[in-house]
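Asks: Curious how this folds, go ahead:
(one chain, ligands or ions: 1)
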Amino acid sequence: MTAPQWARAHTNIALIKYWGKKDAQLMLPANDSLSLTLADFYTDTLVRFTDSIATDQFALDQQPITGQPLAKVTRVLDQVRQLAGITAPAVVTSRNHVPTAAGLASSASGMAALAAAAAQAAGLTLDHPALSRLARLGSGSATRSIDGGFVRWFAGHNDATSYAAPVPAAPPLLADIRVVAVVFSDQPKAIGSTAGMARTAATSSYFPAWTQRAAADLHRLLPALNAGDFVQVGQIAEGNALAMHAATWAADPPFTYFLPATLALVQGIQVWRQSQGVPVYATVDAGPNVKLLTRAPHVAAVQRWLAAHFPTAQVVVTQAGPGISYYPAG
Ligand code: DP6
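Replies: This next block holds a predicted model:
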């Protein structure tokens, strides 16, 4: 067995959202999704299998983690143990480099780094599709954090066919797309994404329309990425995010992740874009914070506009990031 190495995985922002599972046991999503891996937000994880402990141990930023988050870690580790033919428990050490101010989920980078580190520590040689299937067992969005740049998660119809792979994009688009995270709240949300998507899939009268919409949006997004057509990319991403949130309003009981400030920013950006012609588009995940998509030459103008209209919000700018990497322990 090779010496354990740290694995690093970056978080991602979905342009076509994953919202709803068709099989919660296998973690198969209802629809294909597509994301951009981000440069500045990542998790480093080290895994060591050892018979000197009784059960898996997980520490995140020096804090021992138990309960549901540990159960997700163990799910990924169990699959690694089965593939490697080992039974030893594991010590998992993780460090998050996701500024809390960024309001970006760390479960995507966390579970992707875990999959890579655990496979490496168990002496398995897995290619990226296999690692993404492993990460999927921990958290759906983690499936898309094994690769860098734009990444598509194929929903598939069983474990073997539900994995992610990079999507071709015009190099100038990949080089100068920017994500401006606008944070109104760093409080944990009342309804987590797992529960929110389950309720939407089970009860929302708009859910069938959402899955159809996601497929149509993806079909239009792929050629737009290839052509480097940022305006098309932004329009599709914004429309897709709002369609996802519309499905939550039609759930039973209905709910929304939007705060008044979320809606004010989305509407404000739309008005500013139309009046000034600035290419900037909004996307929102399972929380109140907004991520704006723009291009490098417009970042300063976007920051000025935000400072004038949302002076108390925290703003973090990032760009396209890489796939997983490894470095020696110690
Ligand atoms: C809104 O991956 O956090 O961010 O698979 O249940 O762990 P589980 O959910 P998670 O959901 C992410 C939802 C989203 C959209 C997206 O990232 O595609």
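
Asks: Where does pLDDT dip in the stretch 1-150 of the chain?
Replies: 1-2, 99-103, 105 (pLDDT under 70).

Asks: Write out the residues of it neighbouring the ligand.
Replies: Proximity of the stretch 1-150 of the chain to the ligand is confined to Ala14, Lys17, Tyr18, Trp19, Ser33, Ala105, Ser107, Ser139, Gly140, Ser141 under the rule Cβ under 6 Å from any ligand atom. C-betas here are computed from N, CA, C, even on glycine.

Asks: And the fourth one, how close does it get to Ser141?
Replies: To tie it back to what came earlier, the one meant is Trp19. Distance of Trp19 to Ser141, computed by Cβ to Cβ, to the nearest Å: 11 Å.

Asks: which outside residues touch stretch 181-194?
Replies: 100-105, 141, 199, 255, 257, 259, 261-262, 265, 285-292, 306, 310, 313-318 (Cβ atoms under 8 Å, 6 or more residues apart in numbering).

Asks: Restricted to helices, list these.
Replies: In helices, defined here by DSSP state H, the members of these are Arg199, Ala261, Thr262, Leu265, Leu306.

Asks: C-terminal to the longest strand along the chain, what's the next element?
Replies: Ranked by number of residues, the top strand in the chain under DSSP state E is strand 33-49. Downstream of strand 33-49, the first helix or strand assigned by DSSP states H and E is strand 57-60.

Asks: Which secondary structure elements does that next one sit against?
Replies: The contact analysis (3 or more Cβ pairs under 8 Å, 6 or more residues apart in numbering; DSSP states H and E) places strand 57-60 against helix 67-84, strand 90-97.

Asks: what's the closest of those to Gly277?
Replies: With Cβ to Cβ as the criterion, Gly277 lies closest to strand 90-97 of those, at 35.7 Å.

Asks: got a markdown table for the helices and strands packed on strand 57-60, with mean neighbour count too?
Replies: Below are the helices and strands packed on strand 57-60 laid out as a markdown table (neighbours: other Cβ atoms under 10 Å):
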| stretch | mean neighbour count |
| --- | --- |
| helix 67-84 | 17 |
| strand 90-97 | 20 |
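
Asks: Adding distance to Lys189, write the ones you listed out as CSV.
Replies: What follows is those, written out as CSV (distance: least, Cβ to Cβ, whole Å):
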stretch, distance to Lys189
helix 67-84, 15
strand 90-97, 18
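
Asks: that older thread, which one of the ones in helices among the contacts of stretch 181-194 is nearest to the ligand?
Replies: Within these, proximity to the ligand (Cβ to the nearest ligand atom) peaks at Arg199, which comes in at 12.0 Å.

Asks: could you list every residue that touches the nearest residue to Pro166 once chain neighbours are set aside?
Replies: Distances taken as Cβ to Cβ, 6 or more residues apart in numbering place Asp147 nearest to Pro166, at 4.6 Å, with adjacent residues excluded. Listed by Cβ under 8 Å, 6+ apart, the contact set of Asp147 reads Thr37, His128, Ser132, Ala164, Ala165, Pro166, Gly323, Ile324.

Asks: Buried members of the residues you listed into PyMOL, please.
Replies: To isolate the buried members of those in PyMOL, using 16 or more other Cβ atoms under 10 Å:
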select buried, resi 37+128+132+164+166+323+324
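
Asks: Tell me which two in the contacts of Asp147 are the farthest apart.
Replies: Checking the contacts of Asp147 with Cβ to Cβ, the most distant pair is Ala165 and Ile324, at 13.7 Å.

Asks: can you pull out the strands in the stretch 201-330 of the chain?
Replies: 281-284, 290-295, 314-319, 325-328 (DSSP state E, counting those that start in this stretch).

Asks: who does the third one touch, helix- and strand-wise?
Replies: What that stands for is strand 314-319. strand 33-49, strand 177-183, helix 299-309.

Asks: Give me the spatial nearest neighbour of Val317, chain neighbours excluded.
Replies: Nearest one to Val317, counting by Cβ to Cβ, 6+ apart, is Val180 at 5.2 Å.

Asks: ok, the one you found - contacts?
Replies: With Cβ under 8 Å, 6+ apart, Val180 has these contacts: Val280, Lys291, Leu292, Leu293, Thr294, Val299, Val302, Gln303, Leu306, Val315, Val316, Val317.

Asks: Pull out the buried members of those residues.
Replies: Buried subset of these (neighbour count, 16+ other Cβ under 10 Å): Val280, Lys291, Leu292, Leu293, Thr294, Val299, Val302, Leu306, Val315, Val316, Val317.

Asks: and the ligand, which of those residues reach it?
Replies: Checked against the ligand using Cβ under 6 Å from any ligand atom, these give no members in range.

Asks: Which two among those residues are spaced furthest apart?
Replies: Top of the distance list for the buried ones among the contacts of Val180 (Cβ to Cβ): Val280 and Val316, 15.5 Å.

Asks: Now do the phi/psi pair for Gly228.
Replies: Dihedral pair for Gly228: phi 70, psi 30, per degrees, to the nearest 10.

Asks: Tell me the spacing between it and the ligand.
Replies: 23 Å (Cβ to the nearest ligand atom, to the nearest Å).
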